[in-house]
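Colleague: structure here, sequence nowhere to be found:
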């Protein structure tokens, strides 16, 4: 077994084990911190697949932004660090059946897809290709989406300010 295969197995095991811990731990703070390891494992898998841009986005957006915000919210709320989640068993069978159905569909899609058989088919880097696409082919749609998101943010700020004045 070479080092690349060993690293892929380690990142996969880290991702799956910590995701299971997120789903089944009763402590909210433990779930938040194990989500960190899940996101880190996914970023490692992206690196092993040659998707360097996705790995960087995973680390910056999910770990650096969303997870830090979630953990600050848990830690700054006085009752939250010691809060326990109750895992109800009322619909556990239905959830298990739906999960098995989705797993079957995912495995069917994986095995029927035409994956490249050689590593030569993978691009050298994805970040430069995405950057070139954003600045050439997709420049206008990218800017339109930016302006649309800016307008939505300004509208949300206006509505929030108006709602605060009514109180």
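Modeller: Sure, I can see it. As the structure is a prediction and not an experimental result, all values here were calculated from the model.

Colleague: just the mean pLDDT for the helix ranked longest in the chain, thanks.
Modeller: Ranked by residue count, the top helix of the chain under DSSP state H comes out as helix 139-166. If you average the pLDDT over helix 139-166, you get 85.

Colleague: and it, what other elements does it pack with?
Modeller: If you count contacts as 3 or more Cβ pairs under 8 Å, 6 or more residues apart in numbering; DSSP states H and E, helix 139-166 packs onto no helix or strand. Using the backbone N, CA and C atoms, a C-beta is placed for each residue, glycine as well.

Colleague: buried sites along that helix?
Modeller: For helix 139-166, burial by neighbour count (16 or more other Cβ atoms under 10 Å) applies to no residue.

Colleague: how far off centre is it?
Modeller: Chain-centre distance of helix 139-166: 24 Å, with Cα atoms, centre = their mean, to the nearest Å.

Colleague: switch to numbering from 854
Modeller: Sounds good: first residue 854 from here, last item helix 992-1019.

Colleague: contacting residues around residue 924?
Modeller: The contact partners of residue 924, taken as Cβ atoms under 8 Å, 6 or more residues apart in numbering, are 885-886, 889.

Colleague: top of the residues you listed by neighbour count?
Modeller: In terms of neighbours by other Cβ atoms under 10 Å, the contacts of residue 924 top out with residue 885 at 20 neighbours.

Colleague: quick revisit: need the contacts of residue 924 in a markdown table (columns: secondary structure).
Modeller: Output for the contacts of residue 924, formatted as a markdown table (DSSP: H, G, I helix; E, B strand; the rest coil):
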| residue | secondary structure |
| --- | --- |
| 885 | helix |
| 886 | helix |
| 889 | helix |
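
Colleague: what would the residues you listed look like in a markdown table with pLDDT and distance to residue 1010?
Modeller: Converted to a markdown table, those look like this (pLDDT from 0 to 100; distance: Cβ to Cβ, whole Å):
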| residue | pLDDT | distance to residue 1010 |
| --- | --- | --- |
| 885 | 89 | 28 |
| 886 | 91 | 32 |
| 889 | 93 | 31 |
